[in-house]
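A.B. asks: Structure, please.
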Amino acid sequence: MGGKRKYDEKFDQKSLAAAQPRETTCVLWDSKITGLCLRVTPKGVKTYYFVYRMGGRGSRVRWLRLGRFHDLPLTRAREIARGYRAQVDMGTDPADALAKKTITGATVADVAERFMREYAPANLKPGSIQDYSGTTRIHILPVLGREPIGALDRATVARWHSSLLGAGGTGGSAANKALRILSSICTQAEIWGMRQEGANPCRHVKMFPETPRARDIQPWELEAVGAAMAKVGEAGRCSPWTIGAIKVIALCAGRVSEVLSLRHDTDLFLEEGYALLREHKTSRTSGAKRLELPPEAVEIIAGLPRPEGCPWVFPARSLDGPLPRTTIRCLWGRVCRLAGVSDLHMHDFRSHAASEGLELGIDARVTAKLLGHSSSRTTDRHYLNVRKRKTAEAAAAIAEPVARALGLKRQ
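C.D. replies: The predicted structure is shown next:
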């Protein structure tokens, strides 16, 4: 079946990884699962196949691709091959069954809906569920929603991913996020038996380059934003909780979602000056964390109205949940326009806090703790913005002894 079998090499993960390409394509056979083999091309491409016949020796040999070696663990390849072998023994052609599933199976929209209904609540945080839902609705379903999930291939995904860049203002980061979400949906489709194992069409689709955001807040911008906040507050066109939430986020450099989720009954310790966040970005790995509240933030929270029976520090107008982030974004956009400030995000106050800490000589580990990072390296990599004036001062100080030695005088 499928050529001469070679049992001279061990059919295990380590040995197969070390297998070298030859002048012609070679096939390595598994002695444990009849029909499972690894095909190695002269260019070094390694692919698992299940090889079988649906009749006697005179019937056609069929090769059913299982997946690339680097994408599919041997243990999983054996599980798939064992299942196909059982189908063959019962007289069912695995290839025909797969083709029928591809033709009559669910669409991307069907699997995305099931993903959000069954997978997301147990595996994603509420904020992530909102992001996944919004990205799926805006970027994935309009183009790929009607595609059969079993027939979705890499070329189609690559074209879709490329089309997202610049469409409707979408940047590389948003396009890449959409690709990662689609990859998660396709992985679940494999687990649910709606796609062939080890053939995620998002794998090896090249991501767009992402430039880390490094936005420092200038002193004049802080003054302008403060004046704009005062005008918006005097106008009385928004709730005190919305204004208060923006001020607290700016003061404590907290994540927007974490501040909006604060509850009076479980999270606040105003006398000690902190809030305890039990659900946050890294709570599953690091547990609860403290959100330090400066005295001004404590004063704002203590002065906010507290409707009877409502546990939220910053409730929505309906009082049945916390303020939605869209409400905060809307008001913040109005404040920035009124202040004449462009491209300033609420999240930039975290970068501002890291830069201020550096300038004030605060230990990097303390700043990392303040921002809720488990390591100061995370702070350095994502938030620390070395200000231009500091680099200019450093350059001048370093060059001073050289200038003296060269007989140069500084003005």
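A.B. asks: where do the helices sit along the stretch 1-150 of the chain?
C.D. replies: Secondary structure of the stretch 1-150 of the chain (DSSP state H, counting those that start in this stretch): helices located at 13-18, 74-89, 94-104, 108-114, 120-123, 126-135, 141-144.
A.B. asks: and among the ones you listed, the most buried is which?
C.D. replies: Here the criterion is mean neighbour count by mean count of other Cβ atoms under 10 Å, and of the helices of the stretch 1-150 of the chain the winner is helix 108-114, at a mean of 19. C-betas here are computed from N, CA, C, even on glycine.
A.B. asks: same for it, what does it pack against?
C.D. replies: The elements that helix 108-114 packs onto, with contact taken as 3 or more Cβ pairs under 8 Å, 6 or more residues apart in numbering; DSSP states H and E, are helix 141-144, helix 172-191.
A.B. asks: pLDDT (mean, whole number) over stretch 309-323?
C.D. replies: For stretch 309-323, the mean pLDDT works out to 89.
A.B. asks: What is the end-to-end distance of stretch 59-76?
C.D. replies: 28 Å (Cα to Cα, to the nearest Å).
A.B. asks: Kindly apply the preceding question to stretch 142-151 instead.
C.D. replies: With Cα to Cα as the measure, the first residue of stretch 142-151 is 17 Å from its last.
A.B. asks: buried set for the helix or strand containing residue 330?
C.D. replies: Counting by DSSP states H and E, the element that carries residue 330 is helix 325-339. For helix 325-339, the buried set under the neighbour-count rule, 16 or more other Cβ atoms under 10 Å, comprises 325, 327-328, 331-332, 335-336, 338-339.
A.B. asks: pretty sure residue 342 is touching residue 336, no?
C.D. replies: Yes. At 7.0 Å, residue 342 counts as touching residue 336 under the criterion of Cβ atoms under 8 Å.
A.B. asks: Name the stretch among the helices and strands packed on helix 108-114 that sits most buried.
C.D. replies: Of these, the one with the most neighbours on average (mean count of other Cβ under 10 Å) is helix 172-191, at a mean of 19.
A.B. asks: now could you export just the CA positions of that helix as CSV?
C.D. replies: Only the C-alpha atoms of helix 172-191 are listed here, as CSV (Å, rounded to 0.1, in the frame of the first residue of the first chain):
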residue,chain,number,x,y,z
GLY,A,172,-2.5,46.6,10.8
SER,A,173,-3.2,46.0,14.5
ALA,A,174,-7.0,45.7,14.0
ALA,A,175,-6.5,43.5,10.9
ASN,A,176,-4.2,41.2,12.8
LYS,A,177,-6.6,41.0,15.7
ALA,A,178,-9.4,39.9,13.3
LEU,A,179,-7.1,37.2,11.9
ARG,A,180,-6.3,35.9,15.4
ILE,A,181,-10.0,35.7,16.2
LEU,A,182,-10.8,33.9,13.0
SER,A,183,-8.0,31.4,13.8
SER,A,184,-9.6,30.7,17.2
ILE,A,185,-12.9,30.1,15.5
CYS,A,186,-11.4,27.7,13.0
THR,A,187,-9.5,25.8,15.8
GLN,A,188,-12.8,25.3,17.6
ALA,A,189,-14.4,24.1,14.3
GLU,A,190,-11.7,21.4,14.2
ILE,A,191,-12.4,20.4,17.8
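A.B. asks: So what touches that helix?
C.D. replies: 106, 108, 111-112, 114-115, 119, 131-132, 135-136, 139-140, 144, 149-150, 152, 157, 161, 164-165, 195-203, 205, 207-210 (Cβ atoms under 8 Å, 6 or more residues apart in numbering).
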